[in-house]
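Q: I'll drop the sequence and a predicted model, then ask my questions.
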Amino acid sequence: MTAATLTDPYAARPWVASYPPFVPSEIDPASYSTLVDMFRQSVVDFSERTALESFGGKLTYTEFGAAARAVAAWLQSQGVAKGDRIAIMAPNVMAYPPIIFGVLLAGAIVVNVNPLYTPNELTHQIDDSGARMIFVLENFAHTVEAAWPSMRIEKAVVIAPGDLLGLRGPIVNFVSRYVKRAVRRYRLPQSLRFSRVLRAGASAPLRDVNVGPDDLAFLQYTGGTTGVAKGAMLRHRNVAANVAQSAAWLCPYLPTPLDQVMVTALPLYHIFGLTACCLLIVKIGGSCLLIANPRDIGGFVKTLRKSRFTMISGVNTLYAALANHPDFPLVDFSNLIYCISGGMATQDVVARKWKEITGHPIIEGYGLSETSPVITCNRPDLVEFSGAIGYPYPSTQVSIRLPSGEPAPFGERGELCVKGPQVMAGYWNRPEETAAATTEDGFLRTGDVAVMTPDGQLKIVDRLKEMILVSGFNVYPNEVENVLTRHPKVKEAAVIGVPDPHSGEAPLAFIVPRDADVTGKELHDFCRETLTHYKAPRHFEFRDSLPKTNVGKVLRRVLKEEYLARGK
């Protein structure tokens, strides 16, 4: 035991005293086991309830279970064994959840792939994971074809947009267009259609596989925003524990029966969407309203206007885009209970506008791919957006560490470190990076700078690597961006540190304007009203858009690389 552990003021877990009523401080491990057990139980318990909805098509839990079983049986017929890796490359189409659970039922490991990857990015993830097969929506099959000669992979299964929807003809073409990626010609000799997999698997035997809590369920690749994407090894018990933690945190405030509908716009290949929008909903017998293309805000709003929903999960950019759409106030919010946010800092101006329209606050949480993902969340009975990330989940230990490794006093900035049943087993085939991400006393280093109040509430200040050092003073981009986006002429803002001959570094702000007349001086003066002089940017670049990940997180790294490449 280290000195840091012995003197850690966070060891007493002060946040537990701030928990909502009926939320336990610990999650009983007996309440969760594997995702396979969870899925099978839900199929039995909620057999006739709607599990999935997409483009007007619906699957009950019984139908969901049958499709997943068919996928599992087919995989076994192809020689897939326990521990094999199977990749899935698709947006939120109806086939995605049955494929996830089919892979798990077969005892294999899911490797989720961003469908917008380039051939090089796809090759890296397939070869790094050792995936034997890939399920891909046909709109993205040309990428698989381009990568095929350089990938070590056996077979591709091509999903049609209308699979499991019971659709034919023109409507299938509409669905394909809605995904916003027309089907290009492709040639994959080692491939077959998903519909054929379902038919073959339906009549094939399924052998029970002894899947245990310590077996891997997902290789969840990090977004690669700080380097080469690497696979977080998530065991069944890691993800099942996080689902149980989330249910314990949220369900006491849900009415019974749990007839819940989650707006599933976050991509299921991302850990936030996977756990919050799919796995949690399966556990409680709710329904996933699948949104295949959340970037089509007009189409998204049309879907919301004709749908009943009770929960929505999103990131700041998604909430902002919805709130700014002229038809969004016409949506019926009478059944809405929770609006969950994560993945990036939610800005005050977005949260205020969201509540003005919907009547509900955004409940912000925080997590990582490496933690399945949720570490903290605001109380479900939150009345007003707090700007904090809330309290650590049950069975979760956090500590704020100084650069020396010692714990920081309450209220002082340091790196957020975490222990808990949701924390990954490590990075796939990267023991050195696993060790670098772990403290001597076994905490995962998140790489995020945080402060904690004495009652245990946490606030993220920024990423350690994105902090800007101006003449020895720390400047945190999130703080500056939050001020800039309050200006009525600013739509989006991103701040990076760039070399400066006088101060070492200086903040540079990239602005997507609402009003083309806005000037850098105007924004600098606005910042100076609330920020000290060294935090207020003097350098501005105006753009039509900002580079983002597929879940809407602004890629500051890309902006910095672009700036440095220009030789400024």
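A: That came in fine, so what should we check first?

Q: tell me the mean pLDDT for the helix ranked longest in the chain?
A: In the chain, assigned by DSSP state H, the helix with the most residues is helix 61-77. Averaging pLDDT along helix 61-77 yields 98.

Q: Show me what counts as buried in that helix.
A: 61, 63-76 (16 or more other C-beta atoms under 10 Å). Every residue, glycine included, has its C-beta placed from N, CA and C.

Q: average pLDDT for the helix or strand hosting residue 562?
A: According to DSSP states H and E, residue 562 maps onto helix 556-565. Averaging pLDDT along helix 556-565 yields 92.

Q: contact partners of that helix?
A: With contact meaning C-beta atoms under 8 Å, 6 or more residues apart in numbering, helix 556-565 is reached by 225-226, 466, 477, 494-498, 508, 510, 546-547.

Q: CA atoms only for stretch 212-222, dumped as CSV, please.
A: Taking Å, rounded to 0.1, in the frame of the first residue of the first chain, the C-alpha atoms of stretch 212-222 are listed here in CSV:
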residue,chain,number,x,y,z
GLY,A,212,-18.0,-16.2,-17.7
PRO,A,213,-17.8,-12.8,-16.1
ASP,A,214,-14.1,-12.6,-16.8
ASP,A,215,-14.3,-13.4,-20.5
LEU,A,216,-13.9,-10.5,-22.9
ALA,A,217,-17.1,-9.1,-24.4
PHE,A,218,-15.7,-6.1,-26.3
LEU,A,219,-12.5,-4.7,-27.7
GLN,A,220,-13.6,-1.1,-27.6
TYR,A,221,-11.2,1.0,-29.5
THR,A,222,-10.5,4.5,-28.2
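
Q: Quick check: buried residues in it?
A: 213, 215, 216, 217, 218, 219, 220, 221, 222.

Q: after whichever strand or helix holds residue 88 comes which helix or strand?
A: Assigned by DSSP H and E, residue 88 falls within strand 85-89. Note on strand 85-89: by DSSP H and E, the next helix or strand toward the C-terminus is helix 96-105.

Q: tell me which strands and helices that following helix is in contact with?
A: helix 35-45, helix 61-77, strand 85-89, strand 109-113 (3 or more C-beta pairs under 8 Å, 6 or more residues apart in numbering; DSSP states H and E).

Q: The residue lying farthest from the centre of the chain and residue 537: what is the separation?
A: Within the chain, the residue lying farthest from the chain centre (C-alpha atoms, centre = their mean) is residue 502, at 39.3 Å. Residue 502 sits 15 Å away from residue 537, going by C-beta to C-beta, to the nearest Å.

Q: Tell me where the stretch 101-250 of the chain has strands.
A: In the stretch 101-250 of the chain, the strands defined using DSSP state E, counting those that start in this stretch lie at 109-113, 133-137, 155-159, 191-193, 216-221, 231-235.

Q: Report the helix or strand with the lowest average pLDDT across the protein.
A: helix 3-6 (a mean of 44; mean pLDDT, DSSP states H and E).

Q: hang on, the earlier thing: the residue farthest from the centre of the chain is in what secondary structure piece?
A: Going by DSSP H and E, residue 502 is not in any helix or strand.

Q: gap between the closest residue to it other than its chain neighbours and residue 136?
A: Closest residue to residue 502 apart from its sequence neighbours, by C-beta to C-beta, 6 or more residues apart in numbering: residue 471 at 7.9 Å. The gap separating residue 471 from residue 136 is 51 Å, by C-beta to C-beta.

Q: How about residue 341?
A: 30 Å.

Q: Please apply the same query to residue 62.
A: When residue 62 is compared with residue 136 (using C-beta to C-beta), they lie 27 Å apart.

Q: Run through the residues that contact the residue nearest to residue 502.
A: Contacts of residue 471 (C-beta under 8 Å, 6+ apart): 502, 503, 504, 534.

Q: Skipping its backbone neighbours, what lies nearest the second one in space?
A: Just to be clear, that refers to residue 503. The spatially closest residue to residue 503, leaving aside those adjacent along the chain, is residue 471, at 4.4 Å (C-beta to C-beta, 6+ apart).

Q: And the contacts of residue 471, which of them are buried?
A: Using 16+ other C-beta under 10 Å, the buried members of the contacts of residue 471 are 503, 534.

Q: for the contacts of residue 471, which one is nearest residue 485?
A: residue 534 (20.1 Å; C-beta to C-beta).

Q: Wait, the closest one touches residue 476, no?
A: No - using C-beta atoms under 8 Å, residue 534 is not in contact with residue 476; the gap is 12.0 Å.

Q: Give the closest residue to residue 298 in space, chain neighbours not counted.
A: residue 325 (6.9 Å).

Q: neighbours around that neighbour, how many?
A: Residue 325: 17 surrounding residues under other C-beta atoms under 10 Å.

Q: which phi and psi does the residue farthest from the centre of the chain have?
A: phi -100, psi -40 (degrees, to the nearest 10).

Q: just to revisit the earlier point, would you turn the buried residues of stretch 212-222 into CSV with distance to residue 284 and pLDDT?
A: Shown next, in CSV, are those (distance: C-beta to C-beta, whole Å; pLDDT from 0 to 100):
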residue, distance to residue 284, pLDDT
213, 20, 97
215, 24, 98
216, 25, 98
217, 19, 98
218, 20, 98
219, 26, 98
220, 22, 97
221, 27, 93
222, 28, 86
